[in-house]
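A.B. asks: Structure of the sequence below:
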Amino acid sequence: MLSCMEMIREALKALSNGDNLISADHDSFICCLLSHGTEGVVNGTDGKEFDLKNIYNYLGPCKHLSGKPKMAFIQACQGEKIAIVPPASVQSDGAASVQSDGITTEICDFLKSFAAFYGQLSFRAADGTWYINALCKIFKENYKKMDVVSMITDVHKEVTKEIGEMKEKPQVKCQQCPLLVLTLRHKVHFAVKGGWGLW
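C.D. replies: Modelled structure (predicted):
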């Protein structure tokens with residue numbers, strides 16, 4: 001009998017190897033994982049961990065998905081750190097350094113959207129998690145007019161507006177910032193009819 005995580009691995013392997021499961025007619029691949037987790041992994045009901053990097057390993061070599069968007073939406077904590085609301089906002093204007101390495105098409109055209117930044121907790125309200133609620137709301141309202149990355153940017157904006165408190169320490173106010181990891185080379189739009197549009 002396969003464990004929960006073994007089933008995910010086997011399903012991804014079957015998708016990457018099985019020409020009868022994914023054909024040249026498919027425009028994209030979407031995977032949704034909702035579970036508990038820590039940095040870079042999600043947990044199965046059996047307590048086993050699934051390394052999220054395996055999404056690249058299994059789907060990257062799939063010839064029928066080459067050059068097409070491969071999107072993963074992961075609702076899981078990324079650690080145990082808490083983003084506490086500071087008493088006053090601090091802005092940074094430091095310039096980020098850009099480093100360029102050789103890439104292969106096996107790591108291109110992916111989008112991974114996480115509920116929380118590396119090492120951070122994700123939160124939920126009585127009606128569901130902040131991230132999934134915002135994701136469903138923004139996508140439902142805007143899928144005909146906005147590209148996917150723009151919608152996810154709005155999801156991040158919506159989630160970071162939330163302020164919660166921990167049951168154990170109600171005096172501590174908390175926030176959450178989702179994380180977007182992408183190697184897409186095109187804007188992705190949901191077409192009204194006929195699948196995806198790439199611009």
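
A.B. asks: quick one, helices of the chain?
C.D. replies: Using DSSP state H, the helices of the chain run over 4-17, 54-59, 130-142, 148-161.

A.B. asks: Nearest the geometric middle of this structure, what residue?
C.D. replies: The structure's the chain has its C-alpha centroid closest to residue 113; by C-alpha atoms, centre = their mean the separation is 1.9 Å.

A.B. asks: In contact with that one: list those residues for me.
C.D. replies: Residues near residue 113 by C-beta atoms under 8 Å, 6 or more residues apart in numbering: 71, 72, 73, 74, 135, 152, 155, 178, 179, 180, 181. Backbone N, C-alpha and C define where each C-beta goes, glycine included.

A.B. asks: Apply 10 Å and report the result again.
C.D. replies: For residue 113, the contact set (C-beta atoms under 10 Å, 6 or more residues apart in numbering) comprises 32, 71-75, 131, 135, 148-149, 151-152, 155-156, 178-182.

A.B. asks: Which among those count as buried?
C.D. replies: The neighbour count (16 or more other C-beta atoms under 10 Å) marks 71-75, 131, 135, 148, 151-152, 155-156, 178, 182 as buried among these.

A.B. asks: so can I have CSV of these showing distance to residue 36?
C.D. replies: Formatted as CSV, these follow (distance: C-beta to C-beta, whole Å):
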residue, distance to residue 36
71, 21
72, 16
73, 16
74, 11
75, 10
131, 14
135, 18
148, 26
151, 26
152, 22
155, 21
156, 22
178, 17
182, 24
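
A.B. asks: where does the chain dip in pLDDT?
C.D. replies: 1-2, 4, 18-21, 83, 85-105, 192-199 (pLDDT under 70).

A.B. asks: Name whatever forms a beta bridge with the residue nearest to residue 143 when sequence neighbours are not counted.
C.D. replies: Closest residue in space to residue 143, ignoring its immediate chain neighbours: residue 190 at 4.4 Å, by C-beta to C-beta, 6 or more residues apart in numbering. In this entry, residue 190 is beta-bridged to residue 196, by DSSP bridges.

A.B. asks: Thought residue 144 was touching residue 190, still the case?
C.D. replies: Yes - with contact defined as C-beta atoms under 10 Å, residue 190 counts as touching residue 144 (7.1 Å).

A.B. asks: neighbour-wise, which of those two wins?
C.D. replies: Shown here are residue 190 and residue 144; by other C-beta atoms under 10 Å, residue 190 has more neighbours (17 against 9).

A.B. asks: if I look at that one, how far off is residue 79?
C.D. replies: With the distance defined as C-beta to C-beta, to the nearest Å, residue 190 ends up 32 Å from residue 79.

A.B. asks: ok, now residue 33?
C.D. replies: Taken as C-beta to C-beta, the span from residue 33 to residue 79 is 17 Å.

A.B. asks: go on, residue 111?
C.D. replies: Taking C-beta to C-beta as the measure, residue 111 falls 21 Å from residue 79.

A.B. asks: what about the two, which has more around it?
C.D. replies: Using other C-beta under 10 Å as the criterion, residue 111 and residue 79 rank with residue 111 on top: 20 against 15.
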